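[1] Build me a model:
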Amino acid sequence: MRPTPADPEAWNAYLAEGNATQARKRVGADVILRDPDGNVLLVKPTYKPGWDLPGGMAEDNEAPDDAARRELKEELGLDLPLHGLLVVDWVPPHGPWDDQIAFVFDGGTLDHEQAAAVSPQDEELSELAFVHPRRAGAWLRDRLSRRFEAALAAIATGRPRFLRDGQPTMP
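    All right, here's what the predicted structure looks like:
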């Protein structure tokens, strides 16, 4: 017989067993940051090839927006509010990786002083650049480039996007 909430100890054990067998998802959280001229900030990680958006992976039981803000602070020394969700992208398993949920948040626009002062703050980044949005997609890997373009569209329309492997699923 299945326990019920009337027996809290048995009920919690039952729920914990279900929780232990359900799928776990990796969570990525990136941020679109702009300078006063409308250029977007790209970063070059030391641990993988190519350029990326600022952000990174969430830790255990960390909310995606908290992960994005933590990564900005750790890697760039920026303690900024986020201005909303731009993209949710379900990324299927690839290579050695299981599937992932990737979030992109709007970090807003840095003022001239902030943009001039921003620099890598730890060993995970080797450099950064503010790049015109029309050129930035070419700096990014294919899947991330599609996610980036969807984020720009979300900024323009004020409507978040849901993607499957970087492809729009809804009009």
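
[2] What part of the chain, helix or strand, is modelled with the least confidence?
    helix 8-21 (a mean of 79; mean pLDDT, DSSP states H and E).

[3] top helix in this protein by residue count?
    In the chain, assigned by DSSP state H, the helix with the most residues is helix 142-157.

[4] any idea which helix or strand comes after that helix?
    Moving toward the C-terminus from helix 142-157, the next helix or strand (DSSP states H and E) is strand 161-164.

[5] which residue is nearest the middle of the chain?
    In the chain, the C-alpha nearest the mean C-alpha coordinate belongs to A29, at 1.9 Å (CA atoms, centre = their mean).

[6] Show me the beta-bridge partners of the residue nearest to W90 when sequence neighbours are not counted.
    Nearest residue to W90 in three dimensions, chain neighbours excluded: R164, at 5.2 Å (CB to CB, 6 or more residues apart in numbering). For every residue, glycine as well, the C-beta is placed using N, CA and C. Per DSSP bridges, the residues bridged to R164 are W90, Q167.

[7] surely R164 meets V88?
    No - contact criterion CB atoms under 8 Å: R164 and V88 do not qualify, at 10.0 Å.

[8] So for those two, which residue has more residues nearby?
    V88 (17 against 12; other CB atoms under 10 Å).

[9] Identify the residues contacting D89.
    Residues counted as contacts of D89 (CB atoms under 8 Å, 6 or more residues apart in numbering) are I101, A102, F103, V104, R143, R147, A150, F162, L163, R164, D165, G166.

[10] out of those, which are buried?
    Buried members of these, counted by 16 or more other CB atoms under 10 Å: A102, F103, V104, R143, R147, A150, L163, D165, G166.

[11] Quick one: which of the residues you listed has the lowest pLDDT value?
    pLDDT across the buried ones among the contacts of D89 is at its lowest for R143, which sits at 90.

[12] residues in contact with that one?
    Neighbouring residues of R143 by CB under 8 Å, 6+ apart: D89, V91, D165, G166.
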